[in-house]
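**Q** Structure for this input, please:
(2 chains)
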Protein chains: 2
Amino acid sequence: MTTAGIALPEDPQDAPLSGELLQRFAAIVGDGNALTAPDDMAPYLAEPRDLFHGKAAAVLRPKTVEEVAAIVRLANETKTPLVPQGGNTGHVGGQSPRSPRQIVLSLARLDQIRDVDPIGRTISVDAGVVLQRVQEAAEAAGLLFPLSLGSEGSCQVGGNLASNAGGTGVLAYGNARDLCLGVEAVLASGEIFHGLRRLKKDNRGYDIRNLLVGSEGTLGIITGAVLKLYPRPAGREVAFVGAASPDDALKLLRIAERHAGGGLTGFEFMPRLGLDFVLRHIEGARDPMAEPHAWYVLVEVSSSRSGEDARDTMEALLADGFEASLVEDAAIAKSLSEAKAFWHMRESMSWAQKPEGGSIKHDVAVPVARVPDFLTAADAAVLKAIPGARICAFGHLGDGNVHYNISQPVGADKEDFLSHWREINGLVHAIVADMEGTFSAEHGIGLLKRDELSQTKSATEMDLMRAIKRIFDPNNILNPAKVVQI
Amino acid sequence: MTTAGIALPEDPQDAPLSGELLQRFAAIVGDGNALTAPDDMAPYLAEPRDLFHGKAAAVLRPKTVEEVAAIVRLANETKTPLVPQGGNTGHVGGQSPRSPRQIVLSLARLDQIRDVDPIGRTISVDAGVVLQRVQEAAEAAGLLFPLSLGSEGSCQVGGNLASNAGGTGVLAYGNARDLCLGVEAVLASGEIFHGLRRLKKDNRGYDIRNLLVGSEGTLGIITGAVLKLYPRPAGREVAFVGAASPDDALKLLRIAERHAGGGLTGFEFMPRLGLDFVLRHIEGARDPMAEPHAWYVLVEVSSSRSGEDARDTMEALLADGFEASLVEDAAIAKSLSEAKAFWHMRESMSWAQKPEGGSIKHDVAVPVARVPDFLTAADAAVLKAIPGARICAFGHLGDGNVHYNISQPVGADKEDFLSHWREINGLVHAIVADMEGTFSAEHGIGLLKRDELSQTKSATEMDLMRAIKRIFDPNNILNPAKVVQI
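**A** Numbers count the residues shown, from 1 in each chain, chains lettered A, B, ... in the order given. Prediction:
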């Protein structure tokens, strides 16, 4: 199968689900929550990258963990494939159903915030709670939930954990895995894994929680979680910095770390081209600095003490950066709204590429010190393969995580450009592999990268993964053929 | 089997290893590194709590990962049980061999620091490197490795990871699991799991690393690891605080967090009784304050900025604590040596109990806010069962992790007192379970808590654990009968 020129794994040739079986599933959730009409299903079948054209027998919207368990039990008995879905914001097709036999199991109606513990600094939530609601609930308790993604207004906690989401807060607080103390999940048998622990330390046996987290719904369906909260910074400062090169940005990172320590809560980089796209296509965006610069860094500093303290730290690190000729120019946000505008420019980077035509995307990470070398090598390889390709490499410099996205040459044919997706992936990922990096830093495997995973991981590790999948899901009903094929 | 009155699982009734097979194992490491003489083996058979009297055919001391792999391969072929051992400091018997057929596989000679990356802030080490050497190597690079344990002068990285060690740094930096980016391990087949990643983000498939970490050598033998390093604080302050109750200590914790944020790097509590033991038995210990207090808190504040900054923060949080009548008295360490002396008192707490006779130990955690309630309930239950028992509950208040240790009544018979071990465990752990806590916060399961694990975990989770064990170790050669029995 190919979509827009990208070779993708074939859809399974399943027979449609029988009407009788569909009725039995529908009875679990009630008719209003078993969607079968094409228009009703459409939002669950489309996905943000428009790579996968979903097909499904139905979308079920259970309200309780017990309903989820009943659905899974019936699916297991009848070998009906289920595709768990949160906010449907994933980038690798993990949430997309693929045949008229598959059922989308939407967690959206499991949307209760169960409990906030301000002393233990934890929040317990249903899987379907939208990330932004967790952030807001934490804020209402005077605390911080630091997971932060471009899609935070629609992605859900269950999906965040199933895909071990990253984002801009990883630098200081870690990824979704690191922010999770406990999970509740429905296993393929329909049994409930009761792992809603709120303990920072618990060494009782094997780490099942971390197997479920990041397994993209293939080992169990996460229905609830206990997440860590953090003290809310008393002050926060955001600056846009112009820099000559990624190497200079990296040197600035070390200075920033020295000044801010754990208070360095953002260090994102992007090229002028990316800023140009944003200025061109994102409403309200404006250049923070008078002159253009080859590269930009968005720096965020938080202080547990005060706004003044954050300000002092930011000014001190920028002053050191100027003195070392690493900072060409810098604009410190003068208000909360300007700080938000700075972040919005960074977060719009991916969307701003859309109007520029086809974009071949990567989600790679290399050891932080290797980022400049990676960019040099990858740029050379890509431009050799596609002269005129417009490289927009941006992302989480502090994590070594680069969204190495390539917009088509001006005037090129989109389909033709995208037909080079796998070829360009191959070039870029080979460089990444040489540097002991990863071709999936934060977006996961899903369907898009499944075959690449099996081709590049050691046979030993793939065998372990398959054996684990078979233990957890012997009938292969949980998001089948995603991540790993058995 | 009972030791000092404590019921323990029976030793396996294995036939001794044949001389011929022993020769084949010895040939892998060379005669000098295959120990069989009782005196040579003795240090590997004894263990710190003196609960397990180890028995083994031999101790093998391989020098390389390849030698480890060759040993495991031969063991797998011949179904010879291996007991991996690091610094032999574990508290639950995980490192103790149990029959004349078992071979201790010591990782001590895999002791190379492979690489320090100051930009990516990682260190790659062999499993046999002593924790303190990692701390020192980090320091030499101007960085910090924050894992800190009482046994850091002898415990090894491999054991720290296999047992997911905790310690006093968890509050700010997390446990061993959180500090590990990648592991290399020899699997039961003798194959090497090459997982030495140094990436903060890597979402390629199931989280095998976290299965190996914390599995106590039952799923694979960790031979190397990549660990995270942190910026070295520019300043650090340590204070000993007198408080009236655990409840007041908990309220002080919240104030301390508000002032120090992520810079609160220690918050340990202990009762007067514990301090008395230390003053009585630990050389050089002296009371930091003029008057006695019912409870003590050791507070450590770190600053990325300066010593003055740390000092200001400490003084501000103590001032607030005084004002709120939570702090009865406080002594800020006036020098680095005094700061070390304060920490030494805390770290000697366990040892200082030894001369006081038998001690029934617990390693529990409850949600942080529940610690005072837990202590009230547990004290009542224990004193009802054993009037005159001297309860010395101390530990990591910020993590909700209490070493709820009970010294025998003055003048009681040690054996008789210790015969109540399981009974007292039962009382205390029932209270912990009611509070959704854990009976093993940081010490793991090993042999000591294996049966309690299987009795208290859900059948679903135990089944998953056994199935995982069978995948990783079908012949049951890796630390058999520890953690989980198959």
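**Q** what's the first-to-last distance across stretch A:180-193?
**A** 15 Å (C-alpha to C-alpha, to the nearest Å).
**Q** Tell me if residue A:59 really is in a strand.
**A** Yes - counting by DSSP: H, G, I helix; E, B strand; the rest coil, residue A:59 is located in a strand.
**Q** Could you tell me how many residues sit around it?
**A** Neighbours of residue A:59 under the rule other C-beta atoms under 10 Å in any protein chain shown: 26. Heads up, the C-betas are built off the backbone N, CA and C, glycines and all.
**Q** Next: residue A:286.
**A** Counted with other C-beta under 10 Å, residues neighbouring residue A:286 total 9.
**Q** Same check on residue A:139?
**A** 13.
**Q** Contacts only, for the closest residue to residue A:479 other than its chain neighbours.
**A** Leaving aside its chain neighbours, residue A:479 sits nearest to residue A:217 (4.3 Å; criterion: C-beta to C-beta, 6 or more residues apart in numbering or on different chains). For residue A:217, the contact set (C-beta atoms under 8 Å, 6 or more residues apart in numbering or on different chains) comprises A:83, A:84, A:94, A:95, A:162, A:478, A:479, A:482.
**Q** ok, the first one touching residue A:102?
**A** Yes - Residue A:83 lies in contact with residue A:102 (C-beta atoms under 8 Å); the separation is 5.4 Å.
**Q** Spit out the residues that contact the two alike.
**A** Shared contacts of residue A:83 and residue A:102, counting by C-beta under 8 Å, 6+ apart, come down to residue A:56.
**Q** rewinding a little: which two from the contacts of residue A:217 end up farthest apart in space?
**A** A:95 and A:478 (12.8 Å; C-beta to C-beta).
**Q** Which ones among the contacts of residue A:217 map onto helices?
**A** residue A:162 (DSSP state H).
**Q** okay if I get the contacts of residue A:217 as a markdown table plus neighbour count and pLDDT?
**A** Below are the contacts of residue A:217 laid out as a markdown table (neighbours: other C-beta atoms under 10 Å in any protein chain shown; pLDDT from 0 to 100):
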| residue | neighbour count | pLDDT |
| --- | --- | --- |
| A:83 | 25 | 98 |
| A:84 | 28 | 98 |
| A:94 | 30 | 96 |
| A:95 | 31 | 97 |
| A:162 | 33 | 98 |
| A:478 | 27 | 98 |
| A:479 | 28 | 98 |
| A:482 | 26 | 97 |
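**Q** Kindly indicate which of the contacts of residue A:217 lies nearest residue B:172.
**A** residue A:162 (28.5 Å).
**Q** I'd assumed residue A:87 was in contact with that closest one.
**A** No - if you go by C-beta under 8 Å, residue A:162 and residue A:87 don't touch, sitting 11.1 Å apart.
**Q** What parts of the stretch 201-350 of chain A come near chain B?
**A** A:201-208, A:210-211, A:213-215, A:219, A:230-231, A:233, A:250, A:254, A:257-263, A:303-305, A:313 (C-beta under 8 Å from any C-beta of the partner chain).
**Q** hmm, try it at 7 Å
**A** A:201-208, A:210-211, A:214-215, A:231, A:254, A:257-258, A:260-262, A:304 (C-beta under 7 Å from any C-beta of the partner chain).
**Q** quick one on the thing from earlier: doesn't the residue nearest to residue A:479 lie inside a strand?
**A** No - counting by three-state DSSP, residue A:217 falls outside a strand, being coil.
**Q** shaky segments in chain A?
**A** A:1-5 (pLDDT under 70).
**Q** related to what we said a few turns ago, specify which member of the contacts of residue A:217 is nearest to residue A:355.
**A** residue A:95 (25.0 Å).
**Q** contacting residues around the residue nearest to that closest one when sequence neighbours are not counted?
**A** Excluding the flanking residues, the one nearest residue A:95 by C-beta to C-beta, 6+ apart is residue A:85, at 4.5 Å. The contact partners of residue A:85, by C-beta atoms under 7 Å, 6 or more residues apart in numbering or on different chains, come to A:44, A:95, A:104, A:105, A:106, A:107.
**Q** again, but for residue A:83
**A** A:95, A:97, A:102, A:103, A:104, A:105, A:479.
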